[in-house]
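Visitor: quick check, what structure comes out for this input:
(chains A and B)
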Amino acid sequence: MNQTMDRRRLLATAALGGVVGATGLGSLAPEAAFAAEPATIEPGAPDPNFAEGRISRISGSMLLVTGSDTVLHSIRITDGTSIWKLHPTTFDRVVVGDGLYARGVRLPDGTLAADSVWVNIVNLHGHIAAVGRNVLHLDHQGRRIVAHVVPDRSAAVYNGTPAVSDLSLLRVGRHVQVLGAWHPDTNEIDIATVYAAA
Amino acid sequence: MAALRGEVSWFCCGSAWGPCGTAGGGACGTCSSGNYQHAWPNTSDACLAITRPDRCGVTGVTRRGCGFRHYTTNLCTGARVGTTIADCGPQTDLFCGERTCCGSACGSNRIIDLTPAAYSAIASLSAGLRPCSVDTV
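Guide: The predicted model follows:
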């Protein structure tokens, strides 16, 4: 049996109440978890093992998510699910109203047993309109985004150099890409990484 | 097309939450975050006038239209995904010379953006940029 099927079986077991921890699944860091999986989805087609939307209810280990296209998703969090919300975190930090992207295995009952959930994650491009104390004001597609610098978390990558915590080289007018976490129902985000050109 | 080496990132499109809510269906009108799709810097003259990979010395970005298939390999892991063109992008010239590496595997300049569904099939969304190669077979 190949590795993909082993993982599917283990995730299904976890989703159905079996005791499966991250060690049982091997590393579940997303990069490692998906490295060996062949992409079998037809190019251009929707991926049944992927879901997005906003959390409308949390029931036990199940997230009920309303997709942006109004499709409803049931997403099961297992012992092996990796959760990102600005940084790797735990299920208790996830709340109703959060947005998410999730990847996992679609079970026969339609539930998505999640390998990875990225909560409120955004990846925006914009120009720096203003720089304040621990905040960047970005013009993004004609809208203003307030991007907060989070001490001990936010980092900058200047033209591909290793990430540093010093964001002082960011200047008004510069184009940047900001990976971060949205504050639901606001125009504000927390910065994980700012990518800036030279 | 010979394999093109560079950087891959991700973008949202279609129906979406948060700041992505204004993204729309992309230049092709069909883009959706949940589909295996991508943005390509040379879908038309108008597109190329915006993205300008030539300003970064990137050659080999062949003109391709909506629905054309490319295959992107994450050079960090070897994971590969096939996607179709649904938008114009990335804006390569805004990050000329940018370089991303995983150990000795490196890519310079942004050559493709994947939807969240496609990107998350080969990398974590929390890793916003990865070295990649892009081909057509």
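Visitor: low-confidence ranges, chain B, go.
Guide: B:1 (pLDDT under 70).
Visitor: which strand in it runs the most residues?
Guide: Ranked by residue count and defined by DSSP state E, the top strand of chain B is strand B:80-88.
Visitor: any idea how far it is from the chain center?
Guide: Strand B:80-88 sits 7 Å away from the centroid of its parent chain (CA atoms, centre = their mean, to the nearest Å).
Visitor: now A:His140: how far from A:Ala129?
Guide: Applying CB to CB, to the nearest Å, the value for A:His140 to A:Ala129 is 10 Å. Glycine gets a C-beta too; all of them are placed from N, C-alpha and C.
Visitor: ok, these two, which is more surrounded?
Guide: Neighbours were counted for A:His140 and for A:Ala129 using other CB atoms under 10 Å in any protein chain shown; A:His140 has more, 20 against 14.
Visitor: quickly list what the nearest residue to that one once chain neighbours are set aside is bridged to.
Guide: With CB to CB, 6 or more residues apart in numbering or on different chains as the criterion, A:His140 has its nearest non-adjacent residue at 3.8 Å, and that residue is A:Gly126. Per DSSP bridges, the residues bridged to A:Gly126 are A:Val176.
Visitor: these two touch, right, A:Gly126 and A:Leu138?
Guide: Yes - at 3.7 Å, A:Gly126 counts as touching A:Leu138 under the criterion of CB atoms under 8 Å.
Visitor: between those two, which contacts overlap?
Guide: In terms of CB atoms under 8 Å, 6 or more residues apart in numbering or on different chains, A:Gly126 and A:Leu138 are both contacted by the residues A:Ile145, A:Val176, A:Val178.
Visitor: and A:Pro162, how many neighbours?
Guide: For A:Pro162, the count of nearby residues is 8 (other CB under 10 Å).
Visitor: can you classify it by secondary structure?
Guide: On the three-state scheme (DSSP: H, G, I helix; E, B strand; the rest coil), A:Pro162 is labelled coil.
Visitor: swap in A:Asp115?
Guide: strand.
Visitor: residue contacts, the residue nearest to A:His140?
Guide: Shown in contact with A:Gly126 (CB under 8 Å, 6+ apart): A:Leu138, A:Asp139, A:His140, A:Gln141, A:Ile145, A:His175, A:Val176, A:Val178.
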